[in-house]
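Colleague: what's the 3D shape of this:
(2 chains)
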Amino acid sequence: MAKRSFLIPGVDKRLLIKDSIKTMPDVTRRRFIAGGASLGALTLLTGCDVIDSSSAEEMLKQVSKFNDAVQAFIFNPDALAPTFPESAITKPFPFNAYYDLDDAPDVDGKDWKLEVGGLVDNKKSWTLDELYKLPQVTQITRHICVEGWSAIGSWTGTPLRDFLKLIGADTRAKYVWFQCADKDGYNSPLDMRSALHPQTQMTFKYAGEILPRAYGFPMKIRVPTKLGFKNPKYVVSMEVTNDYKGGYWEDQGYNSFSGS
Amino acid sequence: MASLTVTDEQVGATKAKVIQPAWVRIMHWVNALAMILMILSGWQIYNASPLFGFTFPREYTLGGWLGGGLLWHFAAMWLLMINGLAYLVTGFATGRFRKKLFPITPSGVLHDVRAALTFKLGHDDLTVYNYVQRLLYAGIIVVGVLIVLTGLGMWKPVQLYYLVALFGDYPTARYIHFFCMAAICAFLVIHVLLALLVPKSLRAMIIGR
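Modeller: I've put the predicted structure just below:
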């Protein structure tokens, strides 16, 4: 009898709950409804948007760091990414970014200069014409996206390790850090051993033509031993550094080494 | 002396009652957890670039988004691989695989499938697997090895290029990885259903007898 006094006379309990659920944000509502189910509890653990379950996230972060170390350990600098004949090239090669092609950087090749900084002897900037004069090689390799799809393409450019030697980079440094012209400022760190890999390339051409806007004009870093997001496009600067400066996707949770 | 003989028999009888040894039970449940984490995070990863014309409902994925799914997948893989490797080594070393899963004869399988479909397959002695169980358990171990190998190949297609080459190429490894997942899910449904139909088998996997 005493319990009854808590209820508002004339109000249906179930309708009241229904109405209050409606005022919750959509995601909370769904989780509230799924509440109790172990799966619901698991999705809470990941808490990317609503609830921060710091212990689970911290654990995953630590394992990801451990995975960085494991990948660096098994990385063999002499292991080459498989190369393919021209007939294997994927046509059309997909454009992929976190924005539409219309929003892709529209870089003016005449004004563009590659800034070089950090632990290097010669910090002079490079114009596109100067870079085009460096010896170039072509390689047909498979681009593998973090999403799972892959495509085979033909990239032409200067091996990054030759360029690093040319500018007198301290190759004992830990990273080469790239900044790009993408909106929101794309950037990505590349560990030095991958930067010195024979197939890692400063790319100026796709399929024998000047790199089109969709694929990163004027310069892309092609790293066939890394997932696609570690192959920055529209590069504007590179810095040789011992500091881990993070990256656009790396900071959001993609594994930083992401080597293949 | 007579009483001594009886005691021996009793001891023997008590020992024989242990259907699932502790290592099997521990590894079974660790594997169950690892598999569920791998499947749910795997569905999240699949949804980022579906192989077929469907995606998995968001409610049945782990990680919230692709990045979260990948973190879970590459964390749970250690649990799955280390536990799976320990299971394979112990299974061969103790002779459990040889004793429990073999031989698998086509006639035995046919006989037991027929018996199962007509609900005449007995489960009186849980220490002996029937031919349907032997086939499914041995088969799922092979699928488990395949899904780990294709997974490793996709994780390290350059360093472990020979693994990818074994399956053809990268996209093929991806399809095989998917179909192995589908086989494991199908196994899971049958396995759980049958465990619920024969509750003493579930009890044996929890308390051993």
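
Colleague: how about the strands in the stretch 151-260 of chain A?
Modeller: For the stretch 151-260 of chain A, the strands defined by DSSP state E, counting those that start in this stretch occupy A:175-180, A:187-191, A:201-206, A:209-210, A:220-222, A:235-241.

Colleague: and the closest residue to B:Leu146 other than its chain neighbours, helix, strand or coil?
Modeller: Take B:Leu146 and drop its neighbours on the chain: the residue closest to it by C-beta to C-beta, 6 or more residues apart in numbering or on different chains is B:Cys180, 5.1 Å away. C-beta here means a position set from N, CA and C on the backbone, and glycine is covered the same way. Three-state call for B:Cys180 (DSSP: H, G, I helix; E, B strand; the rest coil): helix.

Colleague: one more: B:Met27?
Modeller: Using three-state DSSP, the secondary structure recorded for B:Met27 is helix.

Colleague: show me the residue sitting in the middle of chain B in space.
Modeller: Centroid-nearest residue in chain B: B:Ile140, 5.3 Å away (criterion: C-alpha atoms, centre = their mean).

Colleague: next: chain A.
Modeller: A:Phe229 (3.1 Å).

Colleague: give the contact list for that one.
Modeller: Neighbour list for A:Phe229: A:Cys145, A:Val146, A:Ser188, A:Tyr248, A:Trp249, A:Tyr254, A:Ser258 [criterion: C-beta atoms under 8 Å, 6 or more residues apart in numbering or on different chains].

Colleague: A:Lys61 too?
Modeller: B:Leu71.

Colleague: element containing it, please.
Modeller: In the assignment (DSSP states H and E), A:Lys61 maps to helix A:54-74.

Colleague: what are the buried residues along that helix?
Modeller: A:Ala56, A:Glu57, A:Leu60, A:Val63, A:Ser64, A:Asn67, A:Asp68, A:Gln71 (16 or more other C-beta atoms under 10 Å in any protein chain shown).

Colleague: residue numbers of the stretch 101-250 of chain A in contact with chain B?
Modeller: Residues of the stretch 101-250 of chain A lying near chain B by C-beta under 8 Å from any C-beta of the partner chain: A:Arg142, A:Ile144, A:Cys145, A:Val146, A:Glu147, A:Gly148, A:Trp149, A:Ser150, A:Pro224, A:Thr225, A:Trp249.

Colleague: ok, and of the buried residues of helix A:54-74, which contact chain B?
Modeller: For chain B, the contacts drawn from the buried residues of helix A:54-74 by C-beta under 8 Å from any C-beta are A:Leu60, A:Val63, A:Ser64, A:Asn67, A:Gln71.

Colleague: what's whichever strand or helix holds B:Leu40 packed up against?
Modeller: Using DSSP H and E, B:Leu40 sits in helix B:22-48. Here helix B:22-48 is seen to pack against helix B:66-93, helix B:170-197, helix B:199-207 when contacts are counted using 3 or more C-beta pairs under 8 Å, 6 or more residues apart in numbering or on different chains; DSSP states H and E.

Colleague: for the stretch 1-150 of chain A, just list every one of the strands.
Modeller: Using DSSP E, counting those that start in this stretch, the strands of the stretch 1-150 of chain A run over A:113-118, A:126-127, A:137-144, A:150-159.
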